[in-house]
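Engineer: could you look at this predicted model? Sequence included:
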Amino acid sequence: MEVLRAAGVESWMGPRSLPLWIDDPADRYGATADTRAARAHGLTTRPLEETFARVLPYEEARVSPRRAGLSDHDERQLRHMLV
């Protein structure tokens, strides 16, 4: 977590962020929310592998920068720092 902060990476949303990184314990409740009521009203989910399989073609074809998250360049730099 300190490496990410030192690299100027923000949590949760916005430019130069990691959208699934929730660094404040007080904000982590969303990942453990009770979904029974939503499921009772028709919410369905799919396996993570299927989600990745559907997202990968989009990511491989993407030509414009993301509005949130790390740019490809920033991600490569961060990965290099972590090795």
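Structural biologist: That came through, no problem.

Engineer: now the one helix or strand Arg76 maps to: buried residues?
Structural biologist: Assigned by DSSP states H and E, Arg76 belongs to helix 72-82. Residues of helix 72-82 classed as buried by neighbour count (16 or more other C-beta atoms under 10 Å): Leu78. No exception for glycine: its C-beta is placed from N, CA and C like everyone else's.

Engineer: packing partners for it?
Structural biologist: helix 2-6 (3 or more C-beta pairs under 8 Å, 6 or more residues apart in numbering; DSSP states H and E).

Engineer: please enumerate the strands of this structure.
Structural biologist: 10-11, 17-18 (DSSP state E).

Engineer: ok, which of the ones you listed comes nearest Val55?
Structural biologist: Closest to Val55 of the strands of the chain is strand 17-18 (C-beta to C-beta; 15.9 Å).

Engineer: which residues does the closest one contact?
Structural biologist: Applying C-beta atoms under 8 Å, 6 or more residues apart in numbering, the external contacts of strand 17-18 come out as Leu4, Val9, Glu10, Ser11, Trp12, Ala68, Gly69, Leu70.

Engineer: in contact with the fourth one, which residues?
Structural biologist: If you count contacts by C-beta under 8 Å, 6+ apart, Ser11 has them with Leu4, Ser17, Leu18, Trp21, Ile22, Asp23, Asp24.

Engineer: cutoff 10 Å now
Structural biologist: Residues in contact with Ser11, defined by C-beta atoms under 10 Å, 6 or more residues apart in numbering, are Met1, Leu4, Arg5, Ser17, Leu18, Pro19, Leu20, Trp21, Ile22, Asp23, Asp24, Asp27.

Engineer: right, I'll leave it there.
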